[in-house]
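J.: Sequence first, then the predicted structure, then my questions.
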Amino acid sequence: MQKHYNKWIEEANDRCPNVPIILVGLKKDLRDDPAAIEEMRKRSQRFISTKDGSDTAHAIGARRYLECSSLTGEGVDDVFEAATRAALLKFEDGESVRCCTIL
């Protein structure tokens with residue numbers, strides 16, 4: 001998994017240097033879904049824990065780690081609020097915000 005993080009963080013930093021990064025874990029609702037857990041097990045995979053996500057965010061220099069589920073709506077507002085706050089804080093610091101990418 002680490003090589004994927006390295007690839008994307010390098011891409012983000014190259015294209016948008018000095019832009020705050022927020023790492024977002026998606027499909028939070030599947031973490032407790034027995035069918036999804038079994039499917040992941042069949043592929044020798046597992047869901048990332050909240051701690052793993054937080055540790056990765058820290059390792060890549062992300063401002064925050066958040067989780068959400070578009071199916072249940074849990075955490076979605078928090079993600080948009082965090083992105084808005086990060087952009088506004090960057091703007092208030094007198095730095096121009098050159099890009100904002102939501103993946």
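T.: That came in fine, so what should we check first?

J.: Okay, and residue 65 sits in which element?
T.: strand 64-67 (DSSP states H and E).

J.: elements contacting that strand?
T.: strand 22-25, helix 50-60, helix 76-92 (3 or more Cβ pairs under 8 Å, 6 or more residues apart in numbering; DSSP states H and E). In this view, the C-beta of every residue, glycine as well, is placed from N, C-alpha and C.

J.: Could you pull up the mean pLDDT of it?
T.: Mean pLDDT, computed over strand 64-67, is 97.

J.: Note down every partner strand of it and its orientation.
T.: Counting by DSSP bridges, the strands paired with strand 64-67 are strand 22-25 (parallel).

J.: Now mean pLDDT, mean neighbour count and distance to residue 39 too, for the helices and strands packed on strand 64-67, in a markdown table please.
T.: Converted to a markdown table, these look like this (pLDDT from 0 to 100; neighbours: other Cβ atoms under 10 Å; distance: least, Cβ to Cβ, whole Å):
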| stretch | mean pLDDT | mean neighbour count | distance to residue 39 |
| --- | --- | --- | --- |
| strand 22-25 | 94 | 20 | 17 |
| helix 50-60 | 93 | 15 | 19 |
| helix 76-92 | 87 | 14 | 24 |
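
J.: mind putting these in JSON lines, distance to residue 6 included?
T.: Compiled in JSON lines, those are given as follows (distance: least, Cβ to Cβ, whole Å):
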{"stretch": "strand 22-25", "distance to residue 6": "13"}
{"stretch": "helix 50-60", "distance to residue 6": "8"}
{"stretch": "helix 76-92", "distance to residue 6": "22"}
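
J.: So for residue 68, which of those sits nearest?
T.: Closest approach to residue 68 among those (Cβ to Cβ): helix 76-92, 4.8 Å.

J.: gap between that closest one and the chain center?
T.: 13 Å (Cα atoms, centre = their mean, to the nearest Å).

J.: With stretch 58-68 instead?
T.: So, by Cα atoms, centre = their mean, the centroid of stretch 58-68 is 6 Å from its chain's centroid.
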